[in-house]
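> how would this look folded up:
(2 chains)
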Amino acid sequence: MADVRVEKLRREFGSLVAVKDITFVFPDGAVTCLLGPSGCGKTTLLRMIAGLERPSAGVIRFGDRDVTTLAARRRDVAMVFQYPVMYRTLNVTENIELPLANDRTVSAAERRRRVDEAIDILELGEARGLHIDRLDLGARQKVAMGRAIARRAAVTLFDEPTTNVEAHAKLALIRAFKQLRKHVRQTIVYVTHDQTEAMTLADQIALMREGRIEQCAPPPELYDQPDSEFGGWFLGNPGMNFLAVRPVGAGFVVDGVPFRLAAPRTGLEDVRFGIRPEYIRIDTAQSPDSVPARVLRRAVAIGGQHLVTLDVGGSRIKAKVSPGGGLSPRAPEVGANVFMTCPIEHAILFRRGQRVAEPLRRLDSSA
Amino acid sequence: MSRIRFEGVSKSYRRTMALDGIDLNIEPSGLTVVSGPPGCGKSVLARILIGLEEPTAGRIFFDGDDITETPAAQRSIGYVPQSFALFPHMSVFDNIAYPMALQGVPRADIARRVDQAAGMLHIGPLLAKRPSQLSGGEKQRAAIARGLLKNASIFILDDPLVGLDFKLRESLMEDLKDMRAEIDATFLYITSDPLEALTMAEHLAVLDRGRLVEAGRVDAVYYDPAWLRTIELVGFPRCNILPGRLDTADSACATAIGRLPVTLEDGAGSPEAMVAIRPEDIVRPAAGVAPLGVGKVTLVENLGSESVVYIELHETTLVTTVPVGALASFDLGDPYPLAVRPGGPTLFDRASGRRIGRIRETHDG
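Residues are numbered from 1 along each chain as shown, chains lettered A, B, ... in the order given. Below is the predicted model of the structure:
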């Protein structure tokens, strides 16, 4: 095991810069998910770490070892691909065992122990003697996962391993991954475009955009405290609401929402106010903190919640209403006049897309 | 806008029955989603409506006029096919403009409308390019623009967002709803994705194996389904379905996770039942109330604002959704005491799949 350090790592394809001088440490023994939209450079970064893609510039180290120019097979990496790479003439046990059998530093007893452990954790016991051809895609991917983990390579890499399996098998794979993690700590880099998968599996998520790592944090922190509007938008279903602000006296008001807030010290130019849909509350009665709103749209969402689109003084705001809330299970009808509460303790200010560090503060009504 | 009516529409290919006696009204206002698993016949239904295929039996009416024999070109339907079907030798602009040009829309009008739609769908800078220079998502948006810019009284979108990035789908769904609000026409939207169906639908028609299972306003279909198959196919995450045995004398249903008191509707016959429990109807027991059971957490999926928790109880896997922050976080293997929200879970006859009742309370008294 080792940490993975990349320094000013760059990859160009003609005029396209896929990875833009990234300096980053993937910590020893942690699962780091590279998450981002297609084309953000996450797969290119992974492939450079694997040795499958040559950097245009920069350095890759595993611990103290500079592996930048080393061939893939000499780096001590294990990899799980989008499609399981299998030895079709071998059975499940033999597939998991094969890389270990070629490794003279692993004793026969240790080899058996690791293979048994992988088969046990992955619940492949009944399939252990089966030939790979007899397994479906999901089960084969499990075998690929077991083989990668059993190797105890310095670094284990996953390239969107659940993309091509159906929903049920995907869950089984995610569960298997979590189980493996409970038993075996390894340095893992896991590429995915699926935010749920990243939030579920990662110790930390490196959120990528246009060839750069925008933010790296544990999943709840990345979700609650995005450094950028991009993070607020990309995570969440739907993403964060962003609203323009307008200076008023010593502070400002948010478009559509007349509460008066203290302006940040650096001023209000290019500032937007962000709040996640689940923090917005909708009531039929007015309260001191609420503002009038009209229901533009509504839809049933995940787990019977309602996704309600509100018009608040000309701004569009999305709210998630949970079942068990005041309006459940029925949300207000389209066209209904309601009252919206937008708790500022859950709001974030962004300037030119980047988070403003100062906390939001209400101005006294006298101010 | 047209009210569309399918009357006994069937379609068979050799021995395969793709559609089997579809009776369905599509409202002129509000978007209707036709959803169902792959192969349920929803695309065939769209192709018959457009006139690309003829029904084997049955009639189709637009506003009461029988159009079953009307040629496709005279049906005035805008169509966004699943495959983008863009002309490779034309620019994106000309591709989008093509149906309007065929209809004789003045050139200046065409340019204005193409620009407006391209802006909405974020493909403005791509109008001069050829389809081969576009990514899959960009081609899809060009196809959507082309389908929606035609002068038509009916628009059909056949799984227009399939295979796109999650975030792109989210923003395109929003754009499509905006465009739909501006176009005065009947909209039929086809998808096999349960969450997309719920997000888009005002009315929902559920198809399965060539038959119409149920149709109605989306709330009614979600909260008051008449059929087991509806609750299996509508909703995300998927509904928990457990076999049960009715004890009518005691008004209870015995299941693998415990005995659930029930209220039966008229006509409950056989004791063989199925209990459908939506993920949100599996809840934590109230303080001081004994749980229905204590399961074991087998996986927690983090969706950001909510978690999907998988629980094993008496060898049955249950799925529930929990708002993040509502509870402390759990780890795999943690115990999970649970109850069932009264009034939510629904009881169906096992043989016919018809609804026969609801769950009352989960505890004595």
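> what's the domain layout of the chain?
Chain wasn't specified; assuming chain A. Segmentation of chain A into domains, based on automatic domain parsing, reads A:4-226, A:237-355.
> please refer instead to chain B.
According to automatic domain parsing, the ranges for chain B are B:4-226, B:237-359.
> buried residues, stretch B:46-66. List them.
B:46-51, B:53, B:55, B:58, B:60-62 (16 or more other Cβ atoms under 10 Å in any protein chain shown). The C-beta positions use only the backbone N, C-alpha and C, and glycine is treated the same way.
> typed the wrong thing, it's stretch A:337-357
Buried-residue list, stretch A:337-357, by 16+ other Cβ under 10 Å: A:338-342, A:344, A:347-351, A:353, A:355-356.
> can I get that stretch in PDB, CA atoms only?
What follows is stretch A:337-357, C-alpha atoms only, in PDB (Å, rounded to 0.1, in the frame of the first residue of the first chain):
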ATOM      1  CA  ASN A 337     -50.600  30.300  -3.300                       C
ATOM      2  CA  VAL A 338     -48.400  29.200  -0.400                       C
ATOM      3  CA  PHE A 339     -45.700  30.500   1.900                       C
ATOM      4  CA  MET A 340     -42.100  29.600   1.600                       C
ATOM      5  CA  THR A 341     -39.400  29.600   4.300                       C
ATOM      6  CA  CYS A 342     -35.800  29.700   3.200                       C
ATOM      7  CA  PRO A 343     -33.500  29.100   6.300                       C
ATOM      8  CA  ILE A 344     -30.400  31.100   5.900                       C
ATOM      9  CA  GLU A 345     -28.400  28.800   8.100                       C
ATOM     10  CA  HIS A 346     -28.400  26.400   5.200                       C
ATOM     11  CA  ALA A 347     -27.600  28.900   2.500                       C
ATOM     12  CA  ILE A 348     -24.200  29.700   0.900                       C
ATOM     13  CA  LEU A 349     -23.100  32.800  -0.900                       C
ATOM     14  CA  PHE A 350     -21.000  32.400  -4.100                       C
ATOM     15  CA  ARG A 351     -19.000  35.100  -5.800                       C
ATOM     16  CA  ARG A 352     -18.200  34.400  -9.500                       C
ATOM     17  CA  GLY A 353     -19.100  30.800  -8.800                       C
ATOM     18  CA  GLN A 354     -16.800  30.400  -5.800                       C
ATOM     19  CA  ARG A 355     -18.000  30.200  -2.200                       C
ATOM     20  CA  VAL A 356     -17.800  33.300   0.000                       C
ATOM     21  CA  ALA A 357     -16.300  32.200   3.300                       C
END
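> name the nearest residue to the residue of chain A found nearest chain B, ignoring sequence neighbours.
Chain B sits closest to A:G303 of chain A, with a gap of 3.0 Å, by Cβ to the nearest Cβ. The shortest distance from A:G303 to any non-neighbouring residue, by Cβ to Cβ, 6 or more residues apart in numbering or on different chains, is to B:T321 (3.0 Å).
> now the one you found: phi and psi?
The phi and psi torsions at B:T321 (degrees, to the nearest 10) take the values phi -110, psi 140.
> where does it land on pLDDT?
Looking at B:T321, its pLDDT reads 93.
> quick check: it touching B:D281?
No. Using Cβ atoms under 8 Å, B:T321 is not in contact with B:D281; the gap is 9.9 Å.
> shared neighbours, those two?
Common neighbours of B:T321 and B:D281 (criterion: Cβ atoms under 8 Å, 6 or more residues apart in numbering or on different chains): A:G304.
> chain B next: which of the buried residues of stretch A:337-357 are close?
With Cβ under 8 Å from any Cβ of the partner chain as the criterion, these include none near chain B.
> got TSV for these, with pLDDT too?
TSV is the format used below for the buried residues of stretch A:337-357 (pLDDT from 0 to 100):
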residue	pLDDT
A:V338	94
A:F339	94
A:M340	94
A:T341	92
A:C342	91
A:I344	91
A:A347	95
A:I348	96
A:L349	96
A:F350	97
A:R351	96
A:G353	96
A:R355	96
A:V356	94
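> packing partners of the lowest-mean-pLDDT helix or strand in chain A?
Lowest on mean pLDDT, DSSP states H and E among the helices and strands of chain A sits strand A:257-262, with a mean of 86. Applying 3 or more Cβ pairs under 8 Å, 6 or more residues apart in numbering or on different chains; DSSP states H and E, one finds that strand A:257-262 contacts strand A:251-254, strand A:291-300.
> could you export the helix or strand following it as CSV, keeping only the C-alpha atoms?
Using DSSP states H and E, the helix or strand that follows strand A:257-262 in sequence is strand A:271-275. This file holds the C-alpha atoms of strand A:271-275, laid out as CSV (Å, rounded to 0.1, in the frame of the first residue of the first chain):
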residue,chain,number,x,y,z
VAL,A,271,-22.7,37.3,-5.9
ARG,A,272,-25.4,34.6,-5.9
PHE,A,273,-27.2,33.0,-3.0
GLY,A,274,-27.4,29.2,-3.0
ILE,A,275,-29.8,26.9,-1.1
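> out of the buried residues of stretch B:46-66, who's nearest chain A?
B:A46 (21.9 Å).
> that closest one: which element?
Per DSSP H and E, B:A46 falls inside helix B:42-50.
> so which elements touch that helix?
Against helix B:42-50 (3+ Cβ pairs under 8 Å, 6+ apart) you get strand B:4-13, strand B:16-26, strand B:31-35, strand B:77-80, strand B:154-158, strand B:186-191.
> which strands or helices does the fourth one pack on?
Based on contacts counted as 3+ Cβ pairs under 8 Å, 6+ apart, the elements that strand B:77-80 packs against are helix B:42-50, helix B:136-149, strand B:154-158.
> check the offset of it from the chain's centre.
19 Å (Cα atoms, centre = their mean, to the nearest Å).
> follow-up on the earlier one: which of the helices and strands packed on strand B:77-80 sits closest to A:A2?
helix B:136-149 (37.6 Å; Cβ to Cβ).
> so which bits of that closest one are buried?
Residues of helix B:136-149 classed as buried: B:137-149 (neighbour count, 16+ other Cβ under 10 Å).
> which of those residues scores worst on pLDDT?
Among the buried residues of helix B:136-149, B:G137 has the lowest pLDDT, at 80.
> that residue and B:D165 touch, don't they?
Yes. With contact defined as Cβ under 8 Å, B:G137 reaches B:D165; the gap is 6.8 Å.
> burial count for A:R65?
13 (other Cβ atoms under 10 Å in any protein chain shown).
> quick one: contacts for it?
A:A2.
> if we can go back for a sec, can you put the helices and strands packed on helix B:42-50 in a markdown table and add mean neighbour count?
Output for these, formatted as a markdown table (neighbours: other Cβ atoms under 10 Å in any protein chain shown):
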| stretch | mean neighbour count |
| --- | --- |
| strand B:4-13 | 18 |
| strand B:16-26 | 18 |
| strand B:31-35 | 25 |
| strand B:77-80 | 24 |
| strand B:154-158 | 23 |
| strand B:186-191 | 25 |
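> with A:V189 as the reference, name the closest of those.
strand B:186-191 (33.8 Å).
> run the chain-centre distance for the closest one.
10 Å.
> which residues touch that strand?
Strand B:186-191 is contacted by residues B:1-4, B:26-35, B:42-43, B:45-46, B:49, B:153-162, B:176, B:180, B:197, B:200-201 when judged by Cβ under 8 Å, 6+ apart.
> can you pull out the strands in the stretch 51-200 of chain A?
A:57-62, A:65-66, A:77-80, A:155-159, A:188-192 (DSSP state E, counting those that start in this stretch).
> export those strands to JSON lines and tack on mean pLDDT and distance to B:A128?
Supplementary listing: the strands of the stretch 51-200 of chain A in JSON lines, determined by pLDDT from 0 to 100; distance: least, Cβ to Cβ, whole Å:
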{"stretch": "strand A:57-62", "mean pLDDT": "98", "distance to B:A128": "34"}
{"stretch": "strand A:65-66", "mean pLDDT": "96", "distance to B:A128": "47"}
{"stretch": "strand A:77-80", "mean pLDDT": "95", "distance to B:A128": "41"}
{"stretch": "strand A:155-159", "mean pLDDT": "96", "distance to B:A128": "35"}
{"stretch": "strand A:188-192", "mean pLDDT": "97", "distance to B:A128": "34"}
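> need these in CSV with distance to B:W227, can you?
Formatted as CSV, those follow (distance: least, Cβ to Cβ, whole Å):
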stretch, distance to B:W227
strand A:57-62, 57
strand A:65-66, 62
strand A:77-80, 41
strand A:155-159, 41
strand A:188-192, 36
